[in-house]
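> need coordinates for the following:
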Amino acid sequence: MVTQTAPAALTRPDGSPVRALVVDDEAALGELIQLALRYEGWQVETATDGASALSKARALAPDVIVLDIMMPGLDGLEVLRRLRATGDDVPVLFLTAKDAVADRVVGLTAGGDDYVTKPFSLEEVVARLRGLLRRSGRAVSGYTDPVLRVGDLTLDEESYEVTRGGRPIELTAKEFELLRYLMRNPRRVVSKLQILDRVWSYDFEGRSSIVEIYISYLRKKIEGEGLPPLIHTVRGVGYLIKPPS
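Numbers count the residues shown, from 1 in each chain. Below you'll find the model as predicted:
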């Protein structure tokens, strides 16, 4: 049996789609995040500079903002300061190419709510945004159980615990994201390109072999000790996860 009981969609309390604004001076990256959020059923606008970000924030009244820190002209920190100065408490997820602790602290003390460091996975961005929306009360879900299930394999999106047949399985962060993506799409074949777009950095440079490597890692961890296989290869197409027949 395949069960998907994790939140299938977040909506605003009135039932309308979540509104998100994605701000990054790399237009291709902004569009990629936009596609991932639209996949969640959200209404998404993009901006490539600080001035247009402020203008679109006024027009859209977003429930959450993805905001790049390093932009020419008005940078992300200044955009946030101006938003907060108007009393706008919209949750903000910073994108930054910097990984120094001091830079992270500056973003959070400026009024940001969370951050991810480039390069990042789209799954991580989506998960962090969903968390911000739930904690802020700006979005609700029709489900309360965060657990994904495929046969006797379970994955808890909140506690990051994975078990098979009750036995805990230790996964790396990237293995977890890959497994979560597969389990969010049970019995559906997903291509290597789809996996790269959703799980890996936007800047994966076409290295599709990394998907094969991590699929191999997952199989060893969740299908070892003679357990029936769950992850299947569809040659020339991609991979799917389903319970044993």
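> residues contacting the nearest residue to Ala127 once chain neighbours are set aside?
Distance criterion C-beta to C-beta, 6 or more residues apart in numbering; nearest residue to Ala127, sequence neighbours excluded, is Glu157 at 7.1 Å. Glycine gets a C-beta too; all of them are placed from N, C-alpha and C. Counting by C-beta atoms under 8 Å, 6 or more residues apart in numbering, Glu157 makes contact with Ala6, Ala127, Pro146, Val147, Leu148, Arg180.
> those residues in strands, which ones?
With strands taken from DSSP state E, the overlap with the contacts of Glu157 comprises Val147, Leu148.
> any of the contacts of Glu157 buried? List them.
Buried subset of the contacts of Glu157 (neighbour count, 16 or more other C-beta atoms under 10 Å): Ala6, Ala127, Val147, Leu148, Arg180.
> element containing Ser216?
If you go by DSSP states H and E, Ser216 is part of helix 209-222.
> mind showing which ranges of the chain have poor pLDDT?
By pLDDT under 70, the low-scoring segments of the chain are 1-8, 98-110, 142-145, 201-206.
> one step back: need the buried ones among the contacts of Glu157 in TSV (columns: distance to Leu29).
Formatted as TSV, these follow (distance: C-beta to C-beta, whole Å):
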residue	distance to Leu29
Ala6	26
Ala127	18
Val147	31
Leu148	28
Arg180	22
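> so who does Glu223 touch?
Counting by C-beta under 8 Å, 6+ apart, Glu223 has contacts Pro229, Leu230, Ile231.
> and the furthest pair within the buried ones among the contacts of Glu157?
The largest separation in the buried ones among the contacts of Glu157, counting by C-beta to C-beta, is between Ala127 and Val147 at 14.5 Å.
> ok so, going back, what element comes up after the helix holding Ser216 heading to the C-terminus?
Criterion used, DSSP H and E; the element after helix 209-222 is strand 231-234.
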